[in-house]
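> Make a model of this:
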Amino acid sequence: MVIAYSQRARAALRNAATTHSETVVRRFGRVVLLEATGFGQFLACRFRAEFGGDVQVEQVEPFVPERDVPDRVQAAAAAYAERASKSTSYAKFAAGTEHPSPAELKSSDG
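Model (predicted):
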């Protein structure tokens, strides 16, 4: 993932993303997610070398709920998505149930 901060770096990143669209997984304004290929790595390194601190390069990993999220958090999310009243907040929904409270979710990994 390449994040461009300066106007020059953003313009160059936008142009490269258009020119090499086969290497771009997703574009988010000043952020471009590149394929995990040698060419994607080359582009990321090229931007970092050319623009220095005006470009941030990060390695990202896919988020896979089945692997990365505890079962109880997945169950709470699924149950909340199927709640009877869509206007019910999660805090009210979880109160008095086995589902984790918002405070529990915020203070732990699940």
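> buried residues in the worst-scoring helix or strand of the chain on mean pLDDT?
Every helix and strand of the chain was ranked by mean pLDDT, DSSP states H and E. The lowest is helix 65-68, at a mean of 92. Under the neighbour-count criterion of 16 or more other C-beta atoms under 10 Å, helix 65-68 has nothing buried. Where C-beta positions appear, they are placed from N, C-alpha and C, glycine not excepted.
> list the helices and strands the helix or strand just after that helix packs on?
Sequence order places helix 71-81 as the next helix or strand after helix 65-68, per DSSP states H and E. Contact here means 3 or more C-beta pairs under 8 Å, 6 or more residues apart in numbering; DSSP states H and E; on that basis helix 71-81 packs against helix 90-94.
> Domains in this protein, by residue range?
The chain breaks down into these domains under automatic domain parsing: 2-57, 65-102.
> Out of the ones you listed, which is closest to Ser108?
With C-beta to C-beta as the measure, domain 65-102 is the member of the domains of the chain nearest Ser108 (8.1 Å).
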